[in-house]
Structures are given as structure tokens and as C-alpha cells.
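Asks: Turn this into a model:
(one chain, ligands or ions: 1)
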Amino acid sequence: MTHYARFAGFYDQIMGDRSADIERIRDYIKRYRPAASSLLELGCGTGAVLAGLVADLSVTGVDRSEEMLAVAARSVPAARLVHADVTSFSLGTRFDVVICVFDTLNHLPSLEAWRAMFERVHEHLADDGLFFFDVNTTGRLRRLWQGPAFAADFGQNTMIMDVLPGVRGESGVGELSMWTVRIFERIADDMFRLHQERIPELGVPLATIRDALAASFDLLEEAELDGGPVSDESGRVFFAYRRRQP
Ligand SMILES: C[S@@+](CC[C@H](N)C(=O)[O-])C[C@H]1O[C@@H](n2cnc3c(N)ncnc32)[C@H](O)[C@@H]1O
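Replies: Numbering: from 1, shown residues only. Prediction:
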């Protein structure tokens, strides 16, 4: 069973309002690719972000979870949805904008996989196209190891999320963290059904990410979630790159 199979039916309710993420993407497109007409999201999940972009753009999403894509097909019927791995797909077409958001890149367990995805992005971007993505930094992931588990009620259900150190990254680069997500679905007054997911995330130093992109993309902008300084100790970091001509 691939990751997110048990999470899919609860994902949108747990993640809540995504309008801030959507506004941020709109803003980057307005500044760096204002005439964009097409957008590809890598790791589109339930289509929560695509749903906020589909009114203005022709949108395509790639994801390897059939369960997440089934939700996306219902919530964004106009999107083209493709069941594939983001490191090894070929759509035979190019897009004005490619995005990969909400720590999806961290889900790739080795630097080789990150590099393979960057190559797929380059193949699928129009000349001078915009590549926008975010990452959880190594510092943020380590801070999550130290903090307590996070618990929240949503609807009638309850979720507990905990992040612990995982084993070393497959390639020896970066650090793996393991997110354990436990969803207690209320099925009667005092009865709950447990849905558990264990999702690994790789933290990669920002300098390594920049090096991996340097040959094929030009950096437009880096930003931190709350507008603070960008470093390996920041929270979520956003990157905007422009595709360089080969
Ligand atoms: C944290 S969710 C983000 C979903 C969506 N981008 C959002 O903002 O709500 C990560 C998604 O990436 C997908 N994913 C992880 N690794 C993948 C891979 N190698 N190929 C394709 N999809 C992948 C998962 O199935 C999941 O739907």
C-alpha cells in the first residue's frame, strides 16, 4: 500500500483552509509568469491547491497515490490527473509553471530522487517557465523531533501526529524524519477506528538544493514562511526558479 492510502479520505479536513498557499502561488505567477496559461503540480494529492488555480489556468496533477487522486478527481473535475511517480514520468508536453508544494519534495527519500525530479521539471517546463516549490528545512524537522506530538480534533474524529528521527538518508545526504499520523475515526459514541500512516521526509541542506538546481535553473527568489531570514534553521522555505535554456 502506498503512503497516503489511509490518510486520503481525511486529508482535506485535517489540512483545513489552503487559501494562503494558493494566494502565495498566484502572487509568484503574477510576478514571474503573468501570461501563464498552464500549470503542472507534482504531488498534487487531493487537488486542494489545484482547486484554487483551475479558474485561471489549465491544470495537471501528478501523484503516485490512487486514493489521493480519487479525491482530486471529485474536487477538481477539470484537472488532468496522472498516476505516476514524480521522479520518472513523461507527459510529452510542457507547462508555463511547475509547482511542488507542502513538503512534497521532502517525501523523496534520496538526493538522487530529488535530482531526478528536477530533471523531470526541466523537461516539462516551457522556455523561461517558472518552477515554484517549498521544503521543510533540516532545522525545522529536527525541532519537530524534539517537540511533543501534535493532537487535534477534526469533526467527530481526532488526529495525533508525531515526528521522530528516521534512519540516515538513502544516499547518505540529508536526514530522514518519520512522521507518524494516527487518525481516530469516531464510528460510535465511544468507538474509534484507527488509521495509521508512517510517512518519511528527507531534510536536505539548502546549499545542496541550490547546487542541484544550479546547472539548469536560475534562482528568482527565496523566502521563509513568516518573512524571516532563509537558512537551514528557518521554517518552511519557498523557492522560485526560472528554467534556463539548455
Ligand atoms: C503532503 S502531500 C501534498 C499534496 C498537495 N501538494 C497539497 O498541497 O495538498 C504529498 C503528496 O505527494 C505525493 N507523493 C509523494 N511522493 C511521491 C512520488 N514519488 N511521486 C508522486 N507523488 C508523490 C503523495 O502521494 C501525496 O499526495
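
Asks: For the protein, list the residues in contact with the ligand, please.
Replies: For the chain, the residues in contact with the ligand (C-beta under 6 Å from any ligand atom) are 3-4, 43-45, 48-49, 63-65, 68, 85-87, 101-104, 107-108. Placement of C-beta: from N, CA and C, glycine included.

Asks: Give me the buried entries from the residues you listed.
Replies: 3-4, 43-45, 48-49, 63-65, 68, 85-87, 101-104, 107-108 (16 or more other C-beta atoms under 10 Å).

Asks: just checking, next helix/strand downstream of the lowest-mean-pLDDT helix or strand in the chain?
Replies: One helix or strand of the chain scores below all others by mean pLDDT, DSSP states H and E: strand 157-168, with a mean of 88. Scanning forward in sequence from strand 157-168 by DSSP states H and E, the next helix or strand is strand 175-188.

Asks: what about that next one, distance to the chain center?
Replies: In this view, strand 175-188 has its centroid 18 Å away from the chain centroid, taken as C-alpha atoms, centre = their mean, to the nearest Å.

Asks: what packs against that strand?
Replies: helix 8-15, helix 138-146, strand 157-168, strand 191-203 (3 or more C-beta pairs under 8 Å, 6 or more residues apart in numbering; DSSP states H and E).

Asks: sorry, back to before: mind listing what the least confident helix or strand of the chain pairs with, with the direction of each?
Replies: Partners of strand 157-168 in the sheet, by DSSP bridges, are strand 150-154 (antiparallel), strand 175-188 (antiparallel).

Asks: Grab the nearest non-local neighbour of the residue most central in space within the chain.
Replies: With distances taken as C-alpha atoms, centre = their mean, the chain has Thr104 as the residue nearest its mean C-alpha position (2.6 Å). With sequence-adjacent residues excluded and distances taken as C-beta to C-beta, 6 or more residues apart in numbering, Thr104 is closest to Gly43, at 3.3 Å.

Asks: show me the contacts for that neighbour.
Replies: Taking C-beta atoms under 8 Å, 6 or more residues apart in numbering, we find Gly43 in contact with Val62, Asp63, Val86, Cys100, Val101, Phe102, Thr104, Leu105, His107.

Asks: now do 6 Å
Replies: Residues near Gly43 by C-beta atoms under 6 Å, 6 or more residues apart in numbering: Asp63, Val86, Cys100, Thr104.

Asks: If I look at it, what pLDDT would I see?
Replies: The confidence metric pLDDT takes the value 98 at Gly43.

Asks: quick one, domains of the chain?
Replies: Domain assignment of the chain by automatic domain parsing yields the ranges 8-137+205-243, 139-203.

Asks: circling back: nearest to Glu119, out of the helices and strands packed on strand 175-188?
Replies: Closest of the helices and strands packed on strand 175-188 to Glu119 is strand 191-203, at 17.5 Å (criterion: C-beta to C-beta).

Asks: got the angle for the helix or strand just after the closest one vs helix 138-146?
Replies: Per DSSP H and E, strand 191-203 leads on to helix 206-213 as the next helix or strand towards the C-terminus. Put simply, helix 206-213 runs at 130 degrees to helix 138-146, going by axes from the mean of the first three to the mean of the last three C-alpha atoms, to 10 degrees.

Asks: contacts for helix 206-213?
Replies: Arg115, Phe118, Asp232, Tyr241.

Asks: One more: stretch 227-238?
Replies: Contacts of stretch 227-238 (C-beta under 6 Å, 6+ apart): Asp134, Val135, Thr137, Thr138, Gly139, Arg140, Pro205, Leu206, Glu222, Ala223, Glu224, Leu225.

Asks: Understood, closing this out.
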